[in-house]
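Asker: Generate coordinates for the sequence data below:
(one chain, ligands or ions: 1)
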Amino acid sequence: MSRRSNSLSPSPRAPKRVKLDHLTSEHFKNGVFLAPMVRSGALPTRLFALKHGATLVWGPEIVDKAVLHSERCVDPVTGVVSYNGKSKAIFTTHPIEKPYYIFQMGSADPELAVQAARAVMQDVSGIDLNCGCPKPFSTHSGMGAALLTNPDLLCSILTALRAAMPPEITVSAKIRLLPSQEDTLKLVERIVNTGISALTVHCRTRTMRDRDPALVERLRDIVDFVAGMGKGIAVIENGDCTGAEDANRIRALTGAHSVMIARAAEANPSCFAPAPLADLEETLCPAYLRVARYLDNNWGLTKFCVSQFKAKHINVDKAAQKRYRQVLHGTKGFDGLEDITGSWTGAEDFREIVEAIEARPPRVHGPTEHPAESPRATPPLLVTPTDTSNPEPPGSGAPLMLALRCVDIPALSGCGPLTPTPGGGISV
Ligand SMILES: Cc1cc2nc3c(=O)[nH]c(=O)nc-3n(C[C@H](O)[C@H](O)[C@H](O)COP(=O)(O)O)c2cc1C
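Answerer: Model prediction:
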C-alpha cells in the first residue's frame with residue numbers, strides 16, 4: 001500500500017476553524033457540481049474542482065460492502081483520510097473538502113447501506129445513492145441502474161438512509177431517465193417522498209451511451225413536477241455540460257436548480273472556472289501532479305487521471321510535448337517528474353487550494369428541511385473504539401491544521417510540535 005503510515009499524532013493546540021453550517025436542499029441549488037466518477041473523481045481532482053469553482057463535489061461510487069471491509073486511517077502529515085481495503089485504499093478524502101463532499105454509494109441493501117453510511121459519515125456531508133450505473137458489475141448485483149426497475153428496493157434504501165443519518169448528513173439520489181416520461185415521473189414522485197434533499201437526473205436512459213446526446217429537453221417536466229410536490233427538493237441536471245458558462249445555458253433550458261459535470265471535468269477539472277486553466281503542459285498537469293504527490297495519491301490513479309486531461313498546448317512546441325509524454329509514461333512513480341513539476345513540492349499548490357476553499361463566502365443556513373421526512377436519528381455512532389489512540393477526533397479538522405502548518409500559513413502558526421505515537425491507524 002503506497003499510503004504513508006501514521007507515526008505521528010497531531011498537536012492538541014490546533015487553531016480553531018470556522019464551522020460551516022451543514023448542507024440542506026438549498027445548498028444543492030444555484031450550483032455547478034463535480035459528478036461522481038470512478039477513478040477520475042479522485043481526491044486531487046475534487047480539490048482542483050473546488051479550487052476552481054465547483055460548488056459541491058461527488059466522490060466516485062463506492063460499494064457498501066467495500067466500505068465495511070475497510071480500515072480508516074489518517075495521514076497525520078497531510079490530513080488525508082484513507083479507507084484502506086486489503087491491498088489498496090478504496091477511497092481517500094481530506095477534511096478541507098468535507099463541507100462540500102458528497103459520498104456516492106452503490107448498494108442494493110438498506111441495512112448494508114446504513115452501516116456503510118455510518119462508517120463514513122464523519123468524513124462527508126452527504127450520502128448519494130447511485131441509481132444510474134448501467135455497467136454489469138453494478139447491475140448484476142441489483143445496484144446502480146438495476147434500482148430504476150426495482151423502485152421498492154430503491155426507495156427502501158433511501159428511506160433507511162434518511163432515517164439513520166443525523167439531519168446534518170444529506171441523502172440524495174442520482175438516477176437516469178426511464179424510457180417513458182410517465183414512468184420517470186412516477187419513479188421521481190416515489191423517490192422525492194423518501195425525504196431526500198436533492199435528485200440528480202442523468203438525462204440519458206439506461207441503454208444510451210455517453211456519445212448519444214443527453215435528452216435535456218425531458219428535464220423541465222421533471223423539474224416542474226418536483227416543484228409541484230412542494231418539498232423544496234433540488235433537481236440537478238446531468239449530461240453534456242461543458243463548463244461554468246454552459247451550465248447557465250442548461251439551467252435556462254431545463255429549469256434545473258443546478259448542473260453536474262462529469263466528462264468535461266475529467267478532461268479539465270478547472271472547467272468550473274470562468275477561465276479554466278488552458279495549457280496542459282504548463283499549468284494543468286504540473287499543478288495536478290504536485291498536489292497528487294503532496295497528498296501521496298496513488299501513482300497509477302494519478303497517471304490515469306492526468307492521461308484523461310485534454311487542453312491546449314499554448315506555449316509548448318511539438319518536441320516539448322513529446323518529451324513531456326515520455327517523462328510521464330516512462331516514470332513508475334512521482335520521483336523523476338521534476339522536469340514536469342518544477343521546483344514546487346505541492347505543499348504550495350495545496351495551500352492555494354485551501355486558501356481558495358476557505359475564501360468562499362460562509363454558508364448560510366437554508367430553510368429548515370421537512371422534519372417529517374427527516375426524522376432526527378439516534379446520536380451519531382462513534383466509530384472509533386474508546387481504547388484506540390485517535391489522531392483525529394471524529395468530525396474535527398485537526399489533521400488539516402498539520403497540513404497547513406507544513407506549508408506555513410502565518411495566520412495558523414502556533415501549533416505545538418508533532419509527537420510520535422505508536423500505531424495511530426484508526427479502525428472503523
Ligand atoms: C470515468 C467515468 C466514471 C463514472 N463513474 C460514475 C460513478 O461512479 N457514479 C455515477 O453515478 N456515475 C458515474 N459516471 C457517470 C457520470 O457521473 C455522468 O452521469 C455521465 O458521464 C454524464 O455526464 P457528462 O455528460 O457530463 O459526462 C461516470 C462517468 C465517467 C466518464
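
Asker: Tell me where the stretch 101-250 of the chain has strands.
Answerer: Per DSSP state E, counting those that start in this stretch, the stretch 101-250 of the chain carries strands over the ranges 101-106, 126-131, 170-177, 198-205, 234-238.

Asker: Tell me the pLDDT of the closest residue to residue 158 other than its chain neighbours.
Answerer: Closest residue in space to residue 158, ignoring its immediate chain neighbours: residue 194 at 3.9 Å, by CB to CB, 6 or more residues apart in numbering. No exception for glycine: its C-beta is placed from N, CA and C like everyone else's. pLDDT, residue 194: 98.

Asker: got a list of what residue 194 touches?
Answerer: 155, 158-159, 162, 171, 373 (CB atoms under 8 Å, 6 or more residues apart in numbering).

Asker: which one among those residues gets closest to residue 316?
Answerer: Set against residue 316, the nearest of the contacts of residue 194 by CB to CB is residue 171 (45.6 Å).

Asker: From what I see, residue 80 and residue 47 are in contact.
Answerer: No: with contact defined as CB atoms under 8 Å, residue 80 does not count as touching residue 47 (10.6 Å).

Asker: between those two, who's got more neighbours?
Answerer: residue 47 (28 against 23; other CB atoms under 10 Å).

Asker: quick one, phi psi at that one?
Answerer: Dihedral angles of residue 47 (phi, psi; degrees, to the nearest 10) stand at phi -70, psi -40.

Asker: Tabulate the strands of the stretch 101-250 of the chain in CSV, adding columns for mean neighbour count and mean pLDDT.
Answerer: Below are the strands of the stretch 101-250 of the chain laid out as CSV (neighbours: other CB atoms under 10 Å; pLDDT from 0 to 100):
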stretch, mean neighbour count, mean pLDDT
strand 101-106, 25, 98
strand 126-131, 26, 98
strand 170-177, 26, 98
strand 198-205, 25, 98
strand 234-238, 26, 98
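
Asker: separation between residue 84 and residue 75?
Answerer: From residue 84 across to residue 75, the span is 11 Å (CB to CB, to the nearest Å).

Asker: The residue of the chain most remote from its centre: what secondary structure?
Answerer: When distances are taken from the C-alpha mean of the chain, residue 319 lies farthest, 36.5 Å away, according to CA atoms, centre = their mean. In three-state terms, and counting by DSSP: H, G, I helix; E, B strand; the rest coil, residue 319 is helix.

Asker: sorry, back to before: what about residue 84 and residue 75, which has more around it?
Answerer: For residue 84 and residue 75, the more surrounded residue by other CB under 10 Å is residue 75, and the numbers stand at 23 against 18.

Asker: That one and residue 294 touch, don't they?
Answerer: No: using CB under 8 Å, residue 75 makes no contact with residue 294, being 10.8 Å away.

Asker: hang on, the earlier thing: now, the contacts of residue 194 that are in helices?
Answerer: Counting by DSSP state H, the contacts of residue 194 place 155, 158-159, 162 in helices.

Asker: and which of these is nearest the ligand?
Answerer: Comparing the ones in helices among the contacts of residue 194 against the ligand with CB to the nearest ligand atom places residue 158 closest, at 14.7 Å.

Asker: quick one: that closest one and residue 114, what's the gap?
Answerer: 11 Å.

Asker: low-confidence ranges in the stretch 1-150 of the chain?
Answerer: 1-19 (pLDDT under 70).

Asker: can you list the residues of this structure near the ligand?
Answerer: 35-38, 40, 60-61, 104, 130, 132-133, 174, 202, 210, 238-241, 261-264, 266 (CB under 6 Å from any ligand atom).

Asker: just the buried members of those?
Answerer: 35-38, 40, 60-61, 104, 130, 132-133, 174, 202, 238-241, 261-264, 266 (16 or more other CB atoms under 10 Å).

Asker: how close does the residue nearest to residue 158 get to the ligand?
Answerer: 18 Å (CB to the nearest ligand atom, to the nearest Å).

Asker: Please state the backbone phi and psi of that residue?
Answerer: According to degrees, to the nearest 10, residue 194 has phi -80, psi -10.

Asker: More neighbours: which of residue 158 and residue 114?
Answerer: It is residue 158, of residue 158 and residue 114, that has more neighbours when counted by other CB under 10 Å, with 26 against 20.

Asker: who touches that one in this structure?
Answerer: Taking CB under 8 Å, 6+ apart as the test, what residue 158 contacts is 129, 171, 173, 191, 194-196.

Asker: give me that answer again for 10 Å
Answerer: Counting by CB atoms under 10 Å, 6 or more residues apart in numbering, residue 158 makes contact with 110, 113, 127, 129, 131, 147, 171-173, 190-196.

Asker: still on that earlier bit, which neighbours do residue 80 and residue 47 share?
Answerer: Counting by CB under 10 Å, 6+ apart, the residues touching both residue 80 and residue 47 are 93-94, 295.

Asker: so of these, which ones are in strands?
Answerer: Secondary structure from DSSP state E places residue 93 of these in strands.

Asker: Serialize the shared contacts of residue 80 and residue 47 to JSON lines and add fields for neighbour count.
Answerer: Shown next, in JSON lines, are these (neighbours: other CB atoms under 10 Å):
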{"residue": "93", "neighbour count": "22"}
{"residue": "94", "neighbour count": "26"}
{"residue": "295", "neighbour count": "25"}
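
Asker: of all the shared contacts of residue 80 and residue 47, which comes closest to the ligand?
Answerer: Nearest to the ligand among the shared contacts of residue 80 and residue 47, with distances taken as CB to the nearest ligand atom, is residue 93, at 15.0 Å.

Asker: surely the closest one meets residue 99?
Answerer: No: Residue 93 is beyond contact range of residue 99, at 11.7 Å (criterion: CB atoms under 10 Å).

Asker: Can you work out which residues contact both of those two?
Answerer: Joint contacts of residue 93 and residue 99 (CB under 10 Å, 6+ apart) are residue 124.

Asker: where does residue 401 land on pLDDT?
Answerer: As predicted, residue 401 sits at a pLDDT of 35.

Asker: how about residue 63, phi and psi?
Answerer: phi -80, psi 140.

Asker: and if you look at residue 271?
Answerer: The phi/psi pair for residue 271 (degrees, to the nearest 10) is phi -70, psi -10.

Asker: what do you get for residue 241?
Answerer: Dihedral pair for residue 241: phi -80, psi 140, per degrees, to the nearest 10.

Asker: give the contact list for it.
Answerer: Neighbours of residue 241 in contact, by CB under 10 Å, 6+ apart: 32-33, 35, 214, 216, 247-251, 259-265, 271.
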